[in-house]
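Colleague: Next input, structure requested:
(chains A, B, C and D, ligands or ions: 4)
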2 protein chains.
Amino acid sequence: MQNSFTEENYLKIIHALSGRDGVEVSTNALAESTSTRAASVTDMLRKLADKGLIHYKKYQGVTLTEAGEKVAISVIRKHRLWEVFLVEKLGFGWDEVHDIAEELEHVPSNELVERLDAFLGHPRFDPHGDPIPDAKGNLTDPDYLILTDVGIGEKVLMMGVLDHAPSFLQHLDRSGITLGSVLEITEINEYDKSASVRINGSQTLFISLEVSKNLLVQRR
Amino acid sequence: MQNSFTEENYLKIIHALSGRDGVEVSTNALAESTSTRAASVTDMLRKLADKGLIHYKKYQGVTLTEAGEKVAISVIRKHRLWEVFLVEKLGFGWDEVHDIAEELEHVPSNELVERLDAFLGHPRFDPHGDPIPDAKGNLTDPDYLILTDVGIGEKVLMMGVLDHAPSFLQHLDRSGITLGSVLEITEINEYDKSASVRINGSQTLFISLEVSKNLLVQRR
DNA sequence: AAAAAAATTTAGACTAACCTAAAAAATATT
DNA sequence: AATATTTTTTAGGTTAGTCTAAATTTTTTT
Ligand SMILES: [Mn+2]
Ligand SMILES: [Mn+2]
Ligand SMILES: [Mn+2]
Ligand SMILES: [Mn+2]
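Modeller: Ligands and ions are numbered 1, 2, ... in the order given. Predicted coordinates for the structure are as follows:
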């Protein structure tokens, strides 16, 4: 039996909330993430459990089964590939693509995904720096640092964002920070942890802690 | 209020069955086309009428309102643009794209359609020769001939198909007939109206009436 | 014009995905 | 350990889109 749009979204969200160590996800957390009520979540959990997609014992929280994990990763793969398409081929900004990809990710057809993947040149990362699972369902999170963990003088590469909100991405655009930028922290203010950052060796920018906390970087 | 996947499909089908002269469409015809029962159609018609998308009087059949026509054409535009994308960019065969386009056509976002249109170079026709409505909703059916209306010795251009079934399209592939082929009828058999056709001035092919009836052509 | 047949609508149900309110279980606080 | 609070589940409804069976209207045939 095919999984519905709604079921796929639940699985994707359970995957995200469960993290890499597959910790139990609570009913309330799912209600929050799906913008529904806890009672509705309980209904859906019973259904997903019946379909063998999640491990569910009443009051215990849920985790994905192997089968559920497979579905979740396939949806994530489609989401991220479509985001690449929208940015690379259609010229959308990285702040504009998430909602459209939320729709496209539910279009069935493996053939479509695989051809899209090839058309895009088998990209490894989406426009936000998130890794794209391969066709076999392997998804390896690169372990990036958060900019707050970087000391003064270190040069790092901007590799991704934690916050995907359009407002944050637009803020980065205005600051001239993009994926691949070289960032060097030149100063950290003790009081509020705000920082000065040199971008690609040229202009220096003032960055709040709020921004630093959402920037994923890599030592070179 | 947004139109659902199902509502959009009803409108598209009413548009198709209503033809260019906007003739009334019957409940049974819709039940047939939507693969549902007449009773279900009646329910939906009441809903579409309430939304002002169709003209509906009980037992009288339905036609699209201006508003309904606009929605139908927008869905057709998306369907055909996505078919072009699937064939031109992803390398699908013209026999493989319809079902995927049935899904993609319901993805919302005008921005997406318009950027896709530009990316494809504003194509005028889809892979089956069907005209693509423009962004303003203008859809003009070119008035093609059916091959059965062409006499012996006339050279015509293959411009489209009436039957969109994969099996028919695959049959044309095997026969070497594609959009743009030059066809010349060299012989018609009185008995069964089967014909011999020269393709692009070279090989001659035997064609059944069933095939001739589904080929749209143009005098040159 | 009456009867028969066909088309359409109405009545009453079902499932998926949601809801609110109430009950029950788990967790935290005294 | 008892009580209070929070979390989760159950109970009972709603809407969209579907169904079957029965009633009604229209069309066709006699
Ligand atoms: Mn996204
Ligand atoms: Mn992304
Ligand atoms: Mn099609
Ligand atoms: Mn087509």
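Colleague: going forward, measure contacts between C-alpha atoms and count neighbours the same way
Modeller: OK.
Colleague: how about the helices in chain A?
Modeller: Applying DSSP state H to chain A gives helices spanning A:5-18, A:27-34, A:38-50, A:66-84, A:98-104, A:110-119, A:166-175, A:209-212.
Colleague: neighbours of A:G137, just the number please.
Modeller: Neighbours of A:G137 under the rule other Cα atoms under 10 Å in any protein chain shown: 16.
Colleague: And for the one 10 residues further on?
Modeller: For A:L147, the tally of surrounding residues (other Cα under 10 Å) stands at 22.
Colleague: I figured it was touching A:R219, is that so?
Modeller: No: the pair A:L147 and A:R219 does not pass the contact test of Cα atoms under 8 Å, sitting 10.3 Å apart.
Colleague: Tell me the residues on chain A that lie near DNA strand C, please.
Modeller: A:4-7, A:35-40, A:43-44, A:59 (Cα under 7 Å from any atom of the strand).
Colleague: can you rerun that using 6 Å?
Modeller: Within reach of DNA strand C by Cα under 6 Å from any atom of the strand, chain A has these residues: A:4, A:6-7, A:36-37, A:39-40, A:59.
Colleague: so which of the residues you listed also contact DNA strand D?
Modeller: A:39, A:59.
Colleague: List the contacts of stretch A:7-19.
Modeller: A:22, A:24-25, A:30, A:33-34, A:44, A:48, A:62-64, A:68-69, A:71-73, A:75-76, A:106 (Cα atoms under 8 Å, 6 or more residues apart in numbering or on different chains).
Colleague: what comes up buried for that stretch?
Modeller: Applying a neighbour-count criterion of 16 or more other Cα atoms under 10 Å in any protein chain shown, the buried positions in stretch A:7-19 are A:7-15, A:17-18.
Colleague: And for stretch A:157-173?
Modeller: A:157-161, A:168-170.
Colleague: Enumerate every residue touching the most centrally placed residue in chain A.
Modeller: In chain A, the residue lying closest to the centroid (Cα atoms, centre = their mean) is A:D130, at 5.5 Å. Shown in contact with A:D130 (Cα under 8 Å, 6+ apart): A:80, A:141, A:160.
Colleague: Let's see that with 6 Å instead.
Modeller: A:D130 is in contact with no residue at all, counting by Cα atoms under 6 Å, 6 or more residues apart in numbering or on different chains.
Colleague: State the number of residues packed around the nearest residue to A:H98 once chain neighbours are set aside.
Modeller: Among residues not flanking A:H98 along the chain, A:E83 sits closest, at 6.9 Å (Cα to Cα, 6 or more residues apart in numbering or on different chains). Residues lying near A:E83 (other Cα under 10 Å) number 29.
Colleague: for A:Y59, same thing?
Modeller: Residue neighbour count, defined by other Cα under 10 Å, stands at 9 for A:Y59.
Colleague: got it, and A:K193?
Modeller: A:K193: 15 neighbours (other Cα under 10 Å).
Colleague: Roughly how far does it sit from A:I207?
Modeller: From A:K193 over to A:I207 the distance is 9 Å, taken as Cα to Cα, to the nearest Å.
Colleague: Turn the buried residues of stretch A:157-173 into JSON lines, columns for pLDDT and distance to chain B.
Modeller: Output for those, formatted as JSON lines (pLDDT from 0 to 100; distance: Cα to the nearest Cα, whole Å):
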{"residue": "A:L157", "pLDDT": "97", "distance to chain B": "31"}
{"residue": "A:M158", "pLDDT": "98", "distance to chain B": "28"}
{"residue": "A:M159", "pLDDT": "98", "distance to chain B": "27"}
{"residue": "A:G160", "pLDDT": "98", "distance to chain B": "25"}
{"residue": "A:V161", "pLDDT": "98", "distance to chain B": "24"}
{"residue": "A:F168", "pLDDT": "98", "distance to chain B": "21"}
{"residue": "A:L169", "pLDDT": "98", "distance to chain B": "19"}
{"residue": "A:Q170", "pLDDT": "98", "distance to chain B": "18"}
